[in-house]
Each structure stands twice: as structure tokens, then as C-alpha cells.
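**Q** 3D, please:
(chains A and B)
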Amino acid sequence: MSAALRLTRAAPAGGGGAWLLALPVVTFIVVFLAWPVATVLYTAFADGQGGFTTGHIGAFLSISLMREAFVNSVIVAIGSVALATLIAVPLAYLTARFEFRGAALVQTLGVLPLVMPPFVGAVALQLLFGRNGSINLLLGDAFGIRIPFMEGLNGVMFVEGLHYFPFILLNLVAALGNIDGAMEEAAQNLGSHGFRLFRRVVFPLAAPGFVAGAALVFVKVFDDLGTPLVLNVTNMLAPQAYLRITSVGIEDPIGYVIALVMVVFSIAALALSAQITKGRDYATLTRGGTALRKRPLTGWNAMLAYGWVLLVLALVLSPHLGLLLLSLAKVWSFSVLPDGYTLQHFALVLTDSSRMIGNTLLYCTLAAGIDVVLGTAIAYLLLRTRLPGRQWLDWGASAALAIPGIVLAIGFLRAFRGLELPLIGGALTASWIAIMLAYAVRRLPYAVRSCVAALQQVHVSLEEAAQNLGANRRRTARRVVIPLMMGGILAGFVTSFITAAVELSATILLATTESQAPLSYGIYLYNQSIATRGPAAALGVIAIVIVALGTYLSHLLLEARAGGAKFAVDTE
Amino acid sequence: MVASTMETPRATGVGIDIENVSLAYGKTVVLRDVSLVIAPGEFFALLGPSGSGKSTLLRLLAGFNRANAGRVRIGGVDVVELPAWKRDVGMVFQNYALWPHLTVAENVAFGLEERRWPRERIRQRVRDMLELVSLAGFDDRRPGQLSGGQQQRVAIARTLAIEPRALLLDEPLSNLDAKLRASTGLELKRLQRRLGITTVFVTHDQQEAMTIADRLAVLDQGVIQQVGTPRQLYDAPVNRFVAEFVGSINLYAGKIEDGAAGACTVSVEGLGRARVRPDRATAVTAGAGGMVAVAFRPHAVRLAGTTPVEGLAFDAEIGTTEFLGEFVRYELAVGALRVVADLPHARFVEALLPGARARFVVSAGEIVVLADPPR
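**A** Below you'll find the model as predicted:
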């Protein structure tokens, strides 16, 4: 802790260079995040004559569909968190605390759902778990029962829970890893073991990690537009906002009230989690602390544990498996498995939609590029200068996390309507640049976290040494700081890239023509009709491959740099 | 820290028997055939450098490690198969391991709740325990709000609350500042005496071990080098490792001039020769002409006076001096040899000046002869 303080405080004031560096960052955040969101919130309260009114909120509340949508969204978000918890907590605890064969595999596979947009998995899950899906056909034959996994809200919760549990898993595994082994040994020494040990000591200590993950899941589910649309569930907030804007029009105030409600709930969820975890940093690995020896699993416990994990993994992998089957299926309907296999869906999408694939690569590369440049600048300003209000840069960029994609998209449409692009001409909101900028704004928080973490690990004395040998501040940054941060910058780029590649909430409103549509929008379009589900699945498989390749590539890059990066790690 | 008037739980001390215990992680051998008997009610120290296996041995008693071979009995009961939570040996962790999500009172109550005590008794017991460690009224504080010393007292209260059969302390003083260390050590000893609880503590600090423990075992590389009282270890180390680890010492290669082990004359080139008494040379088996280690403590070096002394005698040049208050530490040069000498300091008496020459003696009774000569 003291080392971190020293890192942030020891550097001299920024001076004019800091202001110059801050200017583009502030401009970007204000113009593309604050201004659009403010426009949305303003419109929700504007009476059209420049006055203030709560009439739109009253109107929103008087529509029974809106009240229902609101309640449903909350139910789905909470239900998804519950399901994700049920999946993630045993996985995290078993693999982090016991001699669990394949623990690394489980933790890796556990992250797999993130490499696919949830709405893509939704279609596959429909085929496996739907009313006439494989599982229910099997259950019907064997026991004459049918489980409504995918009916209405159930379906949304099922898909979202399966998709977003990695957020809880990752946070929880990290939190468990940070608990001083002596904390648990002390409890054992005083007579505690088994589930009591977990309930009384392990879980409370890891709770901040759990809460952080659960809040993220809540926000993501609340915000997700694609899944309810694909599952044809429209009585939720995000689909209602979309339908309002696309059917009634950009002037419809109810759409803005929905957006307002979504923003308020997202911020509330994140603020609540910050409040709960505040001052409870239980990362307790301290001097004299011991890393915990993993406990062996024996007898019935081992059987139960492996059985549960296998079941969960089967569930987790089912959307991928279903998607693959669907992309290769000739016909798949009312049967456990497809009736025949073909490659024609892939052939179709590769000729028809190669442009969409290209679009995704272009938009995401540019967006992730903007993100890491801004992220590096913010990290530097935050940790290495005394620029007044520098903390606000971090907060401002991170605020994007709490803004649902659909809200940002509505904000873009409203704030920039009628704005002509310089040089190329045409409306900004009708151009692919709007999509790309929306991606950059939405994924900026990931890049910022990654860059800040990377810079925190570079001991300030390494820079002082460079300056001591005659390098000025700019050359020090170029020759020492940025090379040492490169691992983190790359990680930030990849995270931004792959999460942008599966973005749909903002895309769906901003993609105006098929020629500028990215992959995710294409999958959505193909899914609109049963006849093109095959090509949709093929496109989904391609999206997964792109994301998986990106992840693997970054892993390789990080590995290759790991040797060099070690020197940068503060040894205190 | 101990309120002397109140009634405290009186644990009857149990003996601890460690028989031929070996432990290895893969190919790394941590403990080699360790045997140790700790008497009921004894305050016993495991002393050694880091990596010597002392903490592993302690954790073995607590049930956090499993031996590959050997037996461990606590109070006559073989505990090898008992899991940590059934052993009833209280351990105070080096960093105290107080749970940050619980208050001080909840921390102390934890073990009692695990034992399903009725609530009223737990309340009473927590109050007694906090009083025992002079922390009455701290019930609702969080561990993070306490100083290091207070945290340690909570950890001790938490452990003693369950009336453990034995008490294990892992480097109990290492996280305290120097001032607190000495007084806390004495408090620990007083508390242990009053409770009569068999206590094993681990430390790398020989001074700490010597001042607190009734007896200690010196470990190096997973092997017990010597077991004894602080005095025995200090006065009669059995090998070079113990001699050098316990206290500071001057140690040289020497030669046995005549006689066998027992009464013999040893010589150190440059320092002269001395007739060594039998009890000072018990570990030596080398015959006449054999090489041995000859050692003596810095405070055994005296300025030569008018009366002759039976023992080593040599002229030396004064090198660096360190003023340590009670005494002055000189580094003396005798040819190529270096001798450290602690000479008592008297008020306003100037130290010998660097570069000056003087004659020094070491009485034969202060000389330790060991079997393994330094290279």
C-alpha cells in the first residue's frame, strides 16, 4: 500500500504538458459520453418548450406495459445474478481451494461464455432447452415431463445467467487467491471446517469480489438488448426502449424515460456495490502470511464436486455446442440432433457477409486503438502528474460502464442529429463512424483499468533513473514507461476489441444500412427468420473464432513479454 | 497486559512427543528424522534460520502439515490422523490472522461458537478473555482499528478462549516494534506460567528464544542440532552451527597438541595454546594432531593484567570500535586473524584507540572445542 502511495505521489507536477495531454481525453469523454447521455436525461425531463416537466415520467408510469417491463427487467436481472451465483460460486471455491484435477481447465472453460454474445447463444439454447428442444424431447420420451427452461422470462434469465457467470467466477477466484491462508487455518485451528468454514470465514472474506462480480452481472443483464429480442421477449425495459425509438420515433419521450430508468438502475447497482465493498479490502496476503495449501477432496465429497462441475461445464458449453451443430445442420427441428449436416451455411455467409466480418475488424480495431491511447494517457495523468481533478478523468471514463448501450445509442442519435461529417459528408449518425465511436466509449473503461494497472506496476524509480541519465519527460515516457506498460496496453486493446466485437445494444440502433453493419448485427438480422438460423449460427461461429483468436493472440503476446515485464514489478 | 486478580482458565499442561518425524515436499526434504520430547507445562522454543523447518514442525503439530513418517503424540494421544479442527491445540499466527469481517468480540467468540457453547457462556467467556489480555471494552472494534500489539493480544485471547491443550506461537514477536518486543516476550512468559499451558514457539531470533524459553531446540536444514536450556546451548554448543547461531562467537581452526578427547591442550596459530578442561571438549573425538574448532565468546576476551591467566594470550592491534553502551566492541587484528572482543565500559573511560596495540587473554574455562574445524 505504502509502495503504491509512493508511486503516485513521488512524481513531480505535470506542468503544461499534462494539460495538453488531458485536453483530448476530456474532449472525447465530454463530447461522446457526457453530452449524449446528458441529452437523453434532459429530454426525459424537457417539455419541448425549454421548460422542465415530470410529465413524461408520469406518462411512463401510467402505461401498464412500462410498469410490467420495469418489474420484468428487475426480476430478470436478479434471477440472472442468482443463477450466475449458483454456477460460479462452487466452481470458484472448488478449483481455488481443493486439489481439483483440471482446475486450470475449469477456470479457462469457465470464461468461454464471454467470447460469444449472449443473444447468439440464445438461439442455440432454444434448440437444446426450448419447448421442443433436445433436452425436453428426451425428457418427454423418458418421463413424460417438460421443463420450461426457455419460456418467457425464464429463457432470458437462463441465457444471461449462463453467459455472465464468468464475471462472478473471475472476481471470486481473484478474491479467494488474495485471502491470506492463515485466515482459514486460524478458523480450522479453532475447530471450523467444511461448509461452516466456507460460510463463516471464506465467503465473507471473498465477499467484496463476489459483490463486484454480481453488480457487473446485474448491470450487464439490465442493459442487454439482444437476448430478449432474439427470444422474442419484448416486455422488458431495453426492448421497449428500442421498440419505442424505432417504431414511434426519436422524438418519443417515453423512450428517454426508459433510458433514464436504465441509467439510474445501472448507476445505483454499481454505486451499491462500491458502497458495500468500500473499506473492506480483504486482500489480506501480508507479511508472514502464507499461501494456502490446497486441500484434498475425498470420497463422497469428491464425487459430488466432480459431478457438479461436469454438469455445470456441460451447461456452459451447451450454447457453443448447439451453435456449432446449428451452423452445420441441414434441418434441425423437433429432433434431438440435426437430421443432416452441411457446410452451405458457412459458404453462404462467407460470400454474403464477408463485408460484415471486415466491418467488425475495422470498427473494433479503431475503437480499441482509441481506447488504449486514451487509457494510457489517463493512466499517466492519474499516476504520474499532479494535474488538478485528474481523478475525474478516471471516473469519467469508467462511467461508461454504467451507461447501457441502447442509452448511449439513443444519446448519439439525439445529440448528433443533423450533424454533417466534415470532409466526407453525410450525417454522423448515419455513418459507421458513430458505431465505431460508440464502441470506443463503451469499452474505454476496460482499457483504462488495464493501463492503470500496468503503470502501477512500473516503479517510479525506473523513470527517475532514465531522467537521472538525461532523458526528458517525453523521452522517458517513450523509451521507458510505454515499453514497460506494453503488456497492459496490449491486454487492454484485446479486451476492448473482443468485447466490442460482440456488442449489439448500441449497434442495433446505430447500424442504418446493411453495408455498414458489423458481424453482431448480421447475426441478429439472420436470426430474425427461422429460414436463416443456419447462416446466423455460422456467423456466430465465425464471431467466436475471431474472439477466441484474439484472446489467444494476446495470451501469446503477454507470455512473450512476461519475462521483460517481471523487471517492472515493484519488488517491495 | 495481564490483570492478575481475575480468575483465569487453568489448562493442565500436556506433553508433546515427536518421534522420528520426516517430511518432504516432493524432493525437498524439510524435516529429517526429528524426535523431540516437550514436557507438560514447558515453554519451548524452536529456533533456527529461515528454511530450517521450524515453522513446518509447528504446523505439523497444528495439523496443517502431514508427516511422511513418524509419530506425533499430544497428551499421549496420537494425533497424526486428526484433522486440524479436532486437535485442540491453539495456534497464534505470525500475522495474527484476525478476520477483518468480524469484530474483536466476534473473533474471540469464533472457536466457542464452533464448539456450540450456549450464548450466555460465550459472552461471559469473551469478556473474561478480553480482560485477561487487558482489552476490556474493545469488543466492537474491528481488527484493522487496533495496533499491532493489540491485534496480537486479540489473537492470543481468541486462541486461549477454547482452552487449548497446548499453545503454538508462530514468530509471536516478529511483527512488533523493537520496544514492544521485549516487554511482550516477558508478558507471554508470565501468562504462560500462570496458565501452566504447554507452549511451543517458533523464532529465528536467538535472543528472543533465550530470554523467553525454558528449553529450546535449534534446527538447521530440517535436523535438530541441539536441545537444551538456553544456558546449556550458550555454554556448551555441540557443533559449530549452534555455537555460531546462538550468541556471537569467535571461532578458529585449532590443533590438538596432546592427549585425546577430554583433557587436552589445543593451540590456535597466533592466539597461543590452552589446556582445556574435559567438560568443555565433550564433542571432540580427534586424537593428538587432529584439527578442531576452537571458540570463545567476545566477552571472554580480557585485557591482560598483572596476574597471569591460564588460557590463550596474544598481542593485538585495535581495529574498528563500536560503542554499545554496556560495553565496547573491538575488532582486533592478530596477524591475519580477526578477534571480536567485548570489553566492559565504565563511565568516562575512553575506549582504546584504533591502531593501538595491547595484550589480551582468554581464560581456558571460556574456551569451547568442537569437532568440525572451519576451513
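
**Q** tell me the contacts of residue 246?
**A** Picked chain A for this. A:L509 (C-beta atoms under 8 Å, 6 or more residues apart in numbering or on different chains). To be clear about C-beta, it is placed using only N, CA and C from the backbone, and glycine gets the same treatment.

**Q** um, chain B though
**A** By C-beta under 8 Å, 6+ apart, the residues touching B:V246 are B:L47, B:Q206, B:M210, B:V218, B:L233, B:Y234, B:P237.

**Q** do you know how far it is from B:V218?
**A** Going from B:V246 to B:V218 by C-beta to C-beta, to the nearest Å gives 7 Å.

**Q** and for those two, which residues touch both?
**A** Listed as contacting both B:V246 and B:V218 by C-beta under 8 Å, 6+ apart are B:L47, B:L233.

**Q** what residue spans form the domains of chain A?
**A** A:1-53+A:342-572, A:54-327 (automatic domain parsing).

**Q** what does chain B give?
**A** Split by automatic domain parsing, chain B gives B:16-240, B:250-370.

**Q** dump the domains of chain A into JSON lines; add distance to B:R119 and mean pLDDT as well.
**A** What follows is the domains of chain A, written out as JSON lines (distance: least, C-beta to C-beta, whole Å; pLDDT from 0 to 100):
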{"stretch": "domain A:1-53+A:342-572", "distance to B:R119": "38", "mean pLDDT": "81"}
{"stretch": "domain A:54-327", "distance to B:R119": "16", "mean pLDDT": "84"}
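
**Q** sec struct for B:I18, please.
**A** At B:I18 the chain is in strand, as set by DSSP: H, G, I helix; E, B strand; the rest coil.

**Q** burial check on it, number of neighbours?
**A** By the criterion of other C-beta atoms under 10 Å in any protein chain shown, B:I18 has 22 neighbours.

**Q** wait, it touches B:V34, no?
**A** Yes. The criterion here is C-beta atoms under 8 Å, and B:I18 meets it with B:V34 at 6.0 Å.

**Q** got any residues that touch both of the two?
**A** Common neighbours of B:I18 and B:V34, counting by C-beta under 8 Å, 6+ apart, are B:L57, B:G70.

**Q** hang on, B:A293 packs against B:V369?
**A** Yes. Applying C-beta under 8 Å, one finds B:A293 in contact with B:V369, separated by 7.1 Å.

**Q** mutual contacts of these two, please.
**A** B:G254.

**Q** helices or strands up against the one helix or strand A:V309 maps to?
**A** Assigned by DSSP states H and E, A:V309 belongs to helix A:299-328. Here helix A:299-328 touches helix A:64-97, helix A:103-109, helix A:118-129, helix A:152-178, helix A:344-352, helix A:533-568, going by 3 or more C-beta pairs under 8 Å, 6 or more residues apart in numbering or on different chains; DSSP states H and E.

**Q** which one of the ones you listed lies nearest to A:N136?
**A** helix A:118-129 (7.0 Å; C-beta to C-beta).

**Q** and the residue of the stretch 201-350 of chain B closest to chain A?
**A** Using C-beta to the nearest C-beta, the single residue of the stretch 201-350 of chain B nearest to chain A is B:V202, 11.2 Å away.

**Q** so how far is the host helix or strand of that residue off the chain centroid?
**A** Using DSSP H and E, B:V202 maps to strand B:198-203. Offset of strand B:198-203 from its chain centre (C-alpha atoms, centre = their mean, to the nearest Å): 9 Å.

**Q** got the CA positions of it in CSV?
**A** Presented in CSV, the C-alpha positions along strand B:198-203 are these (Å, rounded to 0.1, in the frame of the first residue of the first chain):
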residue,chain,number,x,y,z
THR,B,198,2.4,-26.3,27.3
THR,B,199,3.7,-23.7,24.8
VAL,B,200,5.8,-24.1,21.7
PHE,B,201,7.0,-21.1,19.9
VAL,B,202,8.9,-20.6,16.7
THR,B,203,11.5,-17.9,16.2
